[in-house]
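J.: from the sequence below, what's the structure:
(5 chains)
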Amino acid sequence: MNERIREILSWYESDNPGTKTNLARILNHGRLGGTGKLVILPVDQGFEHGPGRSFAPNPPGYNPLYHFELAIEAGCNAYAAPLGFIEAGAARYAGDIPLILKLNNHDVLLDEKDPTQAQTASARDALRLGCAAIGFTIYPGSAERFHMYERLRVLAEEAKSVGLAVVVWSYPRGSGLSKAGETAIDVTAYAAHIAAELGAHIIKVKLPSDHVEQPEAQKVYQKYQIPISTLADRVHHVVQSAFDGRRVVIFSGGAAKEDDEAVYNEIRAIRDGGGFGSIIGRNSFQRPRPAALKLLDTIMKIYAGEIQ
Amino acid sequence: MNERIREILSWYESDNPGTKTNLARILNHGRLGGTGKLVILPVDQGFEHGPGRSFAPNPPGYNPLYHFELAIEAGCNAYAAPLGFIEAGAARYAGDIPLILKLNNHDVLLDEKDPTQAQTASARDALRLGCAAIGFTIYPGSAERFHMYERLRVLAEEAKSVGLAVVVWSYPRGSGLSKAGETAIDVTAYAAHIAAELGAHIIKVKLPSDHVEQPEAQKVYQKYQIPISTLADRVHHVVQSAFDGRRVVIFSGGAAKEDDEAVYNEIRAIRDGGGFGSIIGRNSFQRPRPAALKLLDTIMKIYAGEIQ
Amino acid sequence: MNERIREILSWYESDNPGTKTNLARILNHGRLGGTGKLVILPVDQGFEHGPGRSFAPNPPGYNPLYHFELAIEAGCNAYAAPLGFIEAGAARYAGDIPLILKLNNHDVLLDEKDPTQAQTASARDALRLGCAAIGFTIYPGSAERFHMYERLRVLAEEAKSVGLAVVVWSYPRGSGLSKAGETAIDVTAYAAHIAAELGAHIIKVKLPSDHVEQPEAQKVYQKYQIPISTLADRVHHVVQSAFDGRRVVIFSGGAAKEDDEAVYNEIRAIRDGGGFGSIIGRNSFQRPRPAALKLLDTIMKIYAGEIQ
Amino acid sequence: MNERIREILSWYESDNPGTKTNLARILNHGRLGGTGKLVILPVDQGFEHGPGRSFAPNPPGYNPLYHFELAIEAGCNAYAAPLGFIEAGAARYAGDIPLILKLNNHDVLLDEKDPTQAQTASARDALRLGCAAIGFTIYPGSAERFHMYERLRVLAEEAKSVGLAVVVWSYPRGSGLSKAGETAIDVTAYAAHIAAELGAHIIKVKLPSDHVEQPEAQKVYQKYQIPISTLADRVHHVVQSAFDGRRVVIFSGGAAKEDDEAVYNEIRAIRDGGGFGSIIGRNSFQRPRPAALKLLDTIMKIYAGEIQ
Amino acid sequence: MNERIREILSWYESDNPGTKTNLARILNHGRLGGTGKLVILPVDQGFEHGPGRSFAPNPPGYNPLYHFELAIEAGCNAYAAPLGFIEAGAARYAGDIPLILKLNNHDVLLDEKDPTQAQTASARDALRLGCAAIGFTIYPGSAERFHMYERLRVLAEEAKSVGLAVVVWSYPRGSGLSKAGETAIDVTAYAAHIAAELGAHIIKVKLPSDHVEQPEAQKVYQKYQIPISTLADRVHHVVQSAFDGRRVVIFSGGAAKEDDEAVYNEIRAIRDGGGFGSIIGRNSFQRPRPAALKLLDTIMKIYAGEIQ
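T.: As a prediction, the model looks like this:
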């Protein structure tokens, strides 16, 4: 274990050696292994948006094996997916890449004002499938959020006790927020902090805008002149809000973009703001395989400092 | 075990030998045993629609033993029913046909906007009654769907741990969908994918129409020109949406039809689209026994390729 | 065990010897023991309607011991009551009559559109009190029905595993039904079928009227000309709907009647329609003891075929 | 054990020797020990109404030790209170007086149409604190009543299994009743009966008025001319409704009264109607200690037959 | 252990030696150790108000280690925080200061009429992290309050059984109260009493105003002339309401104040009214470290009687 990884693990001093081992597996795996940076491939869009919307742009993606292979070939740190997708390849690719089992999921077959998610797998499933971590989504801002925090609490306590790591997708949504508020800088920072307080080891948030949603927060942001004008500033503030940089915070890629350079600019801002990496789904698996590999390669080079 | 069955079982590589054995029992049983195709007899309409509506057309059907005998004589791969019906004959016909215990049911004594089902049996019941699989219905599109996914999760985890297979009826319904949307191609494909992600081994859906329900899906279906004009096209898309054909997807027969040829045409479309078979209730047990046997025989011949 | 009892028990072939023994205890006890017919005394009206309304007509009934003695002296097959009443006499009359512990109850201190019941005792209570069976009420047609089916499922699974029999009161009520629909023939048949599918050994329903509640059912009843004009016809249809006569279905006596002959006519219709007997509460315990004994004696003679 | 206590215990023939022992401890303790009459001191008003309203009239009552001492010095049969008050003195006064741990409580910080209570202690707490019984309040007439009956069921089953007695406060309230209905004679009798059916050993109700709340009950009370004109009549009817006098029914003292004679008249009516005693809170602990001791002494003398 | 601490522990005579040991650890730790007075540092504002609003005024506070160090250096009796913050430093500072793990938390991403909190950690977490106590917030006055009392009950029972102490934040809020009522003297006293009855060892309330919220309380406060005009009077009444001073009641500092003297005046009132100390969050960690240390030092001197 190199010094940087040893330093990162030192932030998780309350965890048992099993969990530290699984965090190390993720941090040391793939092209970015040992750098302290991460790129994770997540594929839960089939469940979240439907199979046609997710896989028609690149039909090999209907096959769950495709994503294992993409993540392995690209040299990602980990592959994250719901139960069915993980069950479909966990034995075939055993040991080839750290797996993150998403324990809850949402579909868009009903439009809710205050969305929640369904628990669709268990920590025990993660163990039997050889995963390194559980993944769990919370929706701060939803009237259902406390139920989600509580479910996460139970699952995280169990996961930690059996040596798994805990990855939390913290996505503000629901009747407590305006549409712009879902990616507001104050709300994103708050969402990262809540995930950290709930005991997450790795936190995934969306890239924040410079909108400030809450009037009480706005007063403080102005009074103390918190810098939020550039994306790198905002990444910095989010990372700071997750225990002053002592928790691994990564950022999602969002909807597929046609312009690769736009993606790279976001990566540079994450890097410059002190973010720990990216979780990139649609921008990778919805591209043809060669294009996806090229994109991921460039992203990793930016994170590794091999290119600007 | 022949090669085709071995191939199908290879898709379920995360399952224990007990579950693989029960899947093999179903796939190798009856007239279609070893072909990779299935015809299953389900009789839960007494609970779902009432006994008069279900059995008056062919009164021997009031007797639960009748359905065991019909399924056995017709050479079905399995017989599926609720607790009471299975309890009534499980000992008498022990070993004669693989049984699927339906673990939840719905009645029509109250009209709900967002329907759910009641759990009416357990995985433990399935074990004590010698069943090969549990059956469970979900209603994607209902406000109650997440509760159903979660209940399925718990039961499927238990079932898999004790070597049972999991059969999921995925029937879109509820306030998230229009009436036409319940059988829309995008919704049916989505429903099949959700069942697969939830860990189902065998998935049952209704035959889809060429209606596309969700505007976001419609854009993608048009942009990528997903073929949905023929029934075989649509069967193909649904099968593709269930892990690119790596999950067994079968189709329900729907309400009893007077015209046998209409039934056969649906079977041909399922076969041509790459579907794995049918689950045929009312079209079999509501016909007089000889007519039901003749219908099922012809269906199986079409699936077996013995006739066109 | 005589042939008729052996035949009835053969319908419950999935049950363990413990449950079969308790069914046999009920079927072989009292004046109708061995005939395959049953008369059961239920006394839960104190809870259901209040003590004054229930026992003022015959004040000795305030005392729980009275009902044990009445059931024993009349030669009933079993005595059914809630926890308190059973606890009050179970030791004193241990072994004198099979007991059915009612596990749920309802009171009339609040008028609900969609009623449910409270669980007031457990299968474990039934064991410690020496009972032969648990009793449980469901309200098909209520928005609460699925919760009731699910509670019954859990209790019935436990009861069967410890050798108890399961008696289900299936009483349609709630916002899914009109007042007339609560005793409609299609609804009563449906209610009996649901209880059978839920795994009941003995099913109690109300005597049905010739009203058909559900339009979809009405079409079928007319098309197939299901006979429902006489009370015996309707009893026959209900019994047929409970697995073609392979489940024991008994009928309740309803409110106390002044005219004994009206009671006897109902008994004759139950007998002629193939019903298995009666559960008679208010018509027995609200009469003075000698009158109650005379009434029950005549009823049993009708069932036994000793008189017309 | 004298004959009267032996007789009372014979009514609880289903209970184990542990529970009978604890009932005997209560019945044999204090000035009324062995008479079959009881006076219990309950102090849960701090929780139910607030500390100022409860203890300002006699400030030593803020101290939980005061109530232990008052109950002991007055010679009460038992002292009943919530968790905190019992924890505060259970060790110091161990063995000095039987304790009843109130397992649920309500506060008046929010006005509900259909009140419930919060469970605030457990049967296990009662064991570790050396209590003789658990206490539990139900609100028949509230839309929450079934949840309360069910919670009581679980706690009572556990309590009985570990040898504790069960004391039920049955206080009709909620949207099913008018204000007058809360103490109506029919409702009070019904509430006592429900508590008895739920398995209570000792039942506490309020003194009933001569109002009859329910129209269906009114018909019966008139037809059968149930005597309810005097308070003793009504006490008699309530006791009769609790298994014809085979359950211990005691009556609450209600709000503090300035006129001692008014209190004594109620005691005489309870005695004359066959009630088993009183549970007197505010009328004792809100008086200065000497006045409280004098009042309780007189009450006990009336019950003991030493004075009229 | 000195006499004062021995006296305080004598109030908790029902607790096991494990819990007494943890109470003693808190009472004997830091600058006020052994005086019977306490100053606790709580840092849950990141979760409760958001990270920017909480830590921007003094940015080192983003780092969870900062608060451990501040509490240790200031000589506080204990440090209280949610799971993530405690996990971040519990190993590094093991044994340096007693820890209180906050088991539930609330955020302000949605405005509720009747707020509740989410359980975010467990008693088992407290054990594995070496904590001396669990912390739990209740909202008397909220429609959710009974759920909170019940959750506390379960957690407190577990905590006590494993030797942990129980600290309850009792903060009146919700639809049962006016805004002024949240800090009304009658309501604050009631909130302290409820926490005591629920079994809390240490109770934290806000400093009360002289408003009396409840009309029924107002009558009593006037009739018995309960002194509430000075802050010290009100502190006295609150302490009296928590078992006449036999439970440790501490008071929160509220929002950050610019004027140190205003803080000291509150401390003097707490001291003069017989309060046991303070729990001071924003007023300490939102000041620069030297200013915070000076403020805490002065506060402790006031409590210790070293200065006026």
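J.: for the rest of this, base every contact and every neighbour count on C-alpha atoms.
T.: OK.
J.: what sits up against the host helix or strand of A:Asp233?
T.: In the assignment (DSSP states H and E), A:Asp233 maps to helix A:231-241. Residues outside helix A:231-241 that contact it (Cα atoms under 8 Å, 6 or more residues apart in numbering or on different chains) are A:185, A:188-190, A:192-193, A:207-210, A:227-228, A:245, A:247, A:249, A:266, A:269-275, E:51-52, E:62.
J.: could you pull up the mean pLDDT of stretch A:283-294?
T.: What stretch A:283-294 shows for mean pLDDT is 96.
J.: quick one: terminal-to-terminal distance for it?
T.: From its first residue to its last, stretch A:283-294 covers 11 Å (Cα to Cα, to the nearest Å).
J.: any residue of that stretch touching chain B?
T.: No. Stretch A:283-294 does not reach chain B (Cα under 8 Å from any Cα of the partner chain); its nearest approach is 12.2 Å.
J.: show the buried residues in the contacts of helix A:231-241.
T.: Restricting the contacts of helix A:231-241 to buried positions leaves A:185, A:188-190, A:192-193, A:207-210, A:228, A:245, A:247, A:249, A:266, A:269-271, A:273-275, E:51-52, E:62, with burial counted as 16 or more other Cα atoms under 10 Å in any protein chain shown.
J.: all helices of chain A, in order?
T.: Along chain A, counting by DSSP state H, helices occupy A:3-10, A:17-28, A:45-49, A:51-55, A:64-74, A:83-89, A:123-128, A:145-161, A:185-197, A:215-223, A:231-241, A:260-273, A:282-285, A:289-304.
J.: so which of these gets nearest B:Leu38?
T.: With distances scored as Cα to Cα, the stretch of the helices of chain A nearest to B:Leu38 is helix A:83-89 (21.5 Å).
J.: return the distance of that closest one from the chain's centre.
T.: 19 Å (Cα atoms, centre = their mean, to the nearest Å).
J.: can you tell me what sits against that helix?
T.: With Cα under 8 Å, 6+ apart as the test, helix A:83-89 has contacts from A:64-65, A:68, A:99, A:101-103, A:120-121, A:129, B:11-14, B:196-200, B:243.
J.: show me the beta-bridge partners of the most centrally placed residue in chain A.
T.: Nearest to the geometric centre of chain A sits A:Lys204, at 3.4 Å (Cα atoms, centre = their mean). For A:Lys204, the residues forming beta bridges with it (DSSP bridges) are A:Trp169, A:Ile250.
J.: now do it against A:Leu164, distance only.
T.: Taking Cα to Cα, one finds A:Lys204 at 17 Å from A:Leu164.
J.: with A:Ile203 instead?
T.: A:Ile203 is 15 Å from A:Leu164, by Cα to Cα.
J.: before we move on, what about A:Pro290?
T.: Applying Cα to Cα to A:Pro290 and A:Leu164 gives a distance of 33 Å.
J.: who has more neighbours, these two?
T.: A:Leu164 (29 against 12; other Cα atoms under 10 Å in any protein chain shown).
J.: I'd say the more buried one and A:Ala132 touch.
T.: Yes. At 5.7 Å, A:Leu164 and A:Ala132 qualify as touching, with contact defined as Cα atoms under 8 Å.
J.: excluding chain neighbours, what is closest to the residue of the stretch 201-308 of chain A found nearest chain D?
T.: Nearest residue of the stretch 201-308 of chain A to chain D, counting by Cα to the nearest Cα: A:Glu216, 28.9 Å away. In space, and not counting its chain neighbours, A:Glu216 is closest to E:Arg53: 7.5 Å by Cα to Cα, 6 or more residues apart in numbering or on different chains.
J.: list the contacts for the closest residue to chain C within the stretch 1-150 of chain A?
T.: Chain C sits closest to A:Ala118 of the stretch 1-150 of chain A, with a gap of 20.1 Å, by Cα to the nearest Cα. Residues counted as contacts of A:Ala118 (Cα under 8 Å, 6+ apart) are A:Asn104, A:Asn105, A:His106, B:Phe146, B:His147, B:Tyr149, B:Glu150.
J.: please redo it, this time with the cut-off set to 6 Å
T.: By Cα atoms under 6 Å, 6 or more residues apart in numbering or on different chains, A:Ala118 lies in contact with A:Asn104, A:Asn105, B:Phe146.
J.: pick the one among those closest to chain E.
T.: For the contacts of A:Ala118, the nearest to chain E is A:Asn104 (17.8 Å; Cα to the nearest Cα).
J.: from C:Arg246, how far off is A:Leu231?
T.: When A:Leu231 is compared with C:Arg246 (using Cα to Cα), they lie 73 Å apart.
J.: ditto for A:Ser10
T.: Distance of A:Ser10 to C:Arg246, given as Cα to Cα: 69 Å.
J.: those two: which has the busier surroundings?
T.: More crowded of A:Ser10 and C:Arg246, by other Cα under 10 Å: C:Arg246, with 22 against 15.
J.: coming back round to it: report how many residues lie close to the residue nearest to A:Glu216.
T.: 21.
J.: kindly report the same for A:Pro215.
T.: Around A:Pro215 there are 9 other residues, counting by other Cα under 10 Å.
J.: ok, now A:Lys301?
T.: Quick note: A:Lys301 (other Cα under 10 Å) scores 15 neighbours.
J.: also A:Asn16?
T.: A:Asn16: 14 neighbours (other Cα under 10 Å).
J.: likewise for A:Gly254?
T.: 14.
J.: any idea how far the residue of chain A positioned farthest from its centre lies from E:Gly52?
T.: In chain A, A:Lys223 marks the outermost C-alpha relative to the chain mean, sitting 31.6 Å out by Cα atoms, centre = their mean. Distance check for A:Lys223 against E:Gly52: by Cα to Cα, it reads 11 Å.
J.: one more: A:His236?
T.: As defined by Cα to Cα, A:His236 lies at a distance of 13 Å from E:Gly52.
J.: again, but for A:Tyr303
T.: In this view, A:Tyr303 and E:Gly52 are 27 Å apart by Cα to Cα.
J.: over to A:Ala133?
T.: 29 Å.
J.: what do you get for A:His237?
T.: 9 Å.
J.: same question for A:Ser278.
T.: According to Cα to Cα, A:Ser278 and E:Gly52 sit 24 Å apart.
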